[in-house]
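**Student:** pasting the sequence and the predicted coordinates here, then a few questions.
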Amino acid sequence: MHGLINRALQGFLVDMHGAKIWAEVRSQANLPFDEFETMLSYDHGLTRDTFDAACAVLHRDPDSLLEDIGTYLVTYNNLEPLRRLLRFGGATFLDFLYSLDELADRGRLAMPDIEMPRLNLQQAEGLGSFRLRAEWELPGIAALLLGSLRAMADDYGALVFLSLDGAEKGAEYLRIDLLDAQFSAGRQFNLAQSGLI
């Protein structure tokens, strides 16, 4: 697993719960180091052990913890570049949803060796209803996406109902019902970052 993924888990634990919790998770996961290195690759088992330890230390259900991590990835100020990468998916939340199929390719443009989930958006029954198919090396990608997409809907000002929609044949599914694309003003987003031009 790319170190960036592990570093995001570590960042979430430190930023949201403190260094003592991270130390306890490290201890329970038997990590032989103090922190993950962003540019290294780690065995998937080490990532699973760290996540399982986080669930145990925080007394959290895996799906709810993954949902919180997904929200953190989009909303935490230090991770603004990820939010920007996602916002390049379109001017509206609907445009953004349609761009999800290309997210892995866009991610690899920035980091060629990163393992991104494979996403496929499918029209579901009903106007504004979709089913997102997600495949990734580790289980739980749908719950992680649930938190991220909920945060992105808020970012765009859209009113959306999201729910986990099962798993089959190695893929996980997320149900997306876009209730109002312009529910609120949303967060400001400019293509050019201030201070760069």
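**Tutor:** Okay, I see it.

**Student:** please make it C-alpha for all contacts and neighbour counts, starting now.
**Tutor:** Noted.

**Student:** any stretches of the chain with poor pLDDT?
**Tutor:** Along the chain, segments meeting pLDDT under 70 span 189-197.

**Student:** mind listing what the residue nearest the centre of it touches?
**Tutor:** Per CA atoms, centre = their mean, the C-alpha nearest to the average position across the chain is that of residue 70, at 3.8 Å. Neighbour list for residue 70: 143-149 [criterion: CA atoms under 8 Å, 6 or more residues apart in numbering].

**Student:** with residue 108 instead?
**Tutor:** Counted by CA under 8 Å, 6+ apart, residue 108 has contacts 114, 116.

**Student:** surely it is in a helix?
**Tutor:** Yes. Counting by DSSP: H, G, I helix; E, B strand; the rest coil, residue 108 is located in a helix.

**Student:** residue 34: neighbour count?
**Tutor:** 10 (other CA atoms under 10 Å).

**Student:** all helices for this structure, in order.
**Tutor:** For the chain, the helices defined by DSSP state H occupy 3-17, 19-29, 44-58, 62-75, 80-87, 93-99, 103-110, 141-156.

**Student:** show me what the fifth one packs onto, helices and strands only.
**Tutor:** The contact analysis (3 or more CA pairs under 8 Å, 6 or more residues apart in numbering; DSSP states H and E) places helix 80-87 against helix 62-75, helix 103-110.

**Student:** taking helix 62-75 as reference, get the angle to that helix.
**Tutor:** Computed by axes from the mean of the first three to the mean of the last three CA atoms, to 10 degrees, the angle separating helix 80-87 from helix 62-75 equals 90 degrees.

**Student:** contacts only, for residue 104.
**Tutor:** 116-119.

**Student:** what's the answer for residue 73, then?
**Tutor:** Residue 73 neighbours (CA under 8 Å, 6+ apart): 8, 79, 82-83, 148.

**Student:** same question for residue 38.
**Tutor:** Contacts of residue 38 by CA under 8 Å, 6+ apart are 2-7.

**Student:** hmm, try it at 10 Å
**Tutor:** 2-8 (CA atoms under 10 Å, 6 or more residues apart in numbering).

**Student:** which of those tops the neighbour count?
**Tutor:** Going by other CA under 10 Å, residue 6 tops the contacts of residue 38 with 24 neighbours.

**Student:** picking up where we left off before, any idea which of the helices of the chain is most buried?
**Tutor:** Greatest average neighbour count among those goes to helix 141-156 (a mean of 23), per mean count of other CA atoms under 10 Å.

**Student:** how about that helix as CSV, C-alpha atoms only?
**Tutor:** Taking C-alpha atoms only, helix 141-156 is exported to CSV below (Å, rounded to 0.1, in the frame of the first residue of the first chain):
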residue,chain,number,x,y,z
ILE,A,141,-13.7,1.6,0.1
ALA,A,142,-17.5,2.3,-0.1
ALA,A,143,-17.6,3.6,3.5
LEU,A,144,-14.5,5.8,2.9
LEU,A,145,-16.2,7.2,-0.3
LEU,A,146,-19.4,7.7,1.7
GLY,A,147,-17.7,10.2,3.9
SER,A,148,-15.7,11.8,1.0
LEU,A,149,-18.8,12.2,-1.2
ARG,A,150,-20.9,13.6,1.6
ALA,A,151,-18.2,16.2,2.2
MET,A,152,-17.9,17.0,-1.5
ALA,A,153,-21.7,17.4,-1.7
ASP,A,154,-21.5,20.0,1.1
ASP,A,155,-18.6,21.6,-0.8
TYR,A,156,-20.7,22.0,-3.9
